[in-house]
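[1] mind looking at a prediction? Sequence and model below.
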Amino acid sequence: MCSPITILVVCGILSHLTAANVVPRTQVHEIDGIPKEIPVDITPFKKIGSKYYFIEESVRLNWFNADHKCRQLGGHLLHLESEEEHEAIKQHLNVFHYWTDITDLGQSGNYVSTTTGLNATFLNWHPNQPDNQGGKEHCVHMWDINLLMNDLDCSYALRFVCETNSPRTVSVVVW
Ligand SMILES: [Ca+2]
């Protein structure tokens, strides 16, 4: 009889493992996040609240290129889901313009999250916004001292925040 062997695999940022890949006589447990005792490098992302973000403070890109950059890093543009998340990320931002993942390029006035492909569920507009000024404002950024949302010309070069899926850890016990 073998002694139980525990294998920890961190999923999400690094890799993916399903129960179908493991042999019989195993137990698989899945938990949120990365256990503190496992040294996993998650740079350039950092954990804020329960989610993982990369805040670009030095390079400014238009909305399309910011989206591409986030995807190159294995993430997507900032996908805000709640007032609590909005308040948490604001504490880590230094200037007043950051792109989010929201756009109405598909249909004017219909704000969609490019992360989910669905209508944005959290919109916290700056007063008198969105106004689609000049008929060419179709990408949403966080703006002004309170970092509230505004629709803006997508070609403007702004700082941006990327977000990646929260990692999950799979613990496989083999015996
Ligand atoms: Ca506007």
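    Perfect, I can see it now.

[2] residue numbers of the chain in contact with the ion?
    Proximity of the chain to the ion is assessed by C-beta under 5 Å from the ion, with 129, 131, 137, 150-151 identified as the residues in range. From N, CA and C alone the C-beta is placed, and that goes for glycine too.

[3] most neighbours among those, which one?
    In terms of neighbours by other C-beta atoms under 10 Å, the residues of the chain next to the ion top out with residue 151 at 25 neighbours.

[4] distance from the chain centre to the helix or strand that contains that one, please.
    Residue 151 belongs to strand 148-152 when assigned by DSSP states H and E. For strand 148-152, the distance from its own C-alpha centre to the chain's C-alpha centre is 18 Å (C-alpha atoms, centre = their mean, to the nearest Å).

[5] with stretch 94-102 instead?
    Relative to the mean C-alpha coordinate of its chain, stretch 94-102 is positioned 13 Å out (C-alpha atoms, centre = their mean).

[6] pLDDT on it, on average?
    In this model, stretch 94-102 has a mean pLDDT of 94.

[7] which outside residues touch the strand holding residue 151?
    Contacts to strand 148-152, defined as C-beta atoms under 8 Å, 6 or more residues apart in numbering, come from residues 100, 102, 104, 123-127, 129-133, 137-144, 158.

[8] the residues you listed in strands, which ones?
    Within the contacts of strand 148-152, membership in strands is found for 100, 102, 139-143, 158, as judged by DSSP state E.

[9] select from those residues the one having the most neighbours.
    The most crowded member of the ones in strands among the contacts of strand 148-152, judged by other C-beta under 10 Å, is residue 140 (29 neighbours).

[10] list the residues that contact that one.
    Contact criterion C-beta under 8 Å, 6+ apart gives 99-100, 102-103, 111, 120, 130, 149-152 as the residues in contact with residue 140.

[11] any chance of a markdown table for these, columns distance to residue 43?
    As requested, the contacts of residue 140 are exported to a markdown table (distance: C-beta to C-beta, whole Å):
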| residue | distance to residue 43 |
| --- | --- |
| 99 | 21 |
| 100 | 22 |
| 102 | 26 |
| 103 | 28 |
| 111 | 31 |
| 120 | 28 |
| 130 | 34 |
| 149 | 28 |
| 150 | 30 |
| 151 | 32 |
| 152 | 29 |
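
[12] by contact count, what packs against the strand ranked longest in the chain?
    If you go by DSSP E, the chain has its longest strand at strand 51-61. For strand 51-61, the elements it packs on are strand 46-48, helix 63-72, strand 158-164, judged by 3 or more C-beta pairs under 8 Å, 6 or more residues apart in numbering; DSSP states H and E.
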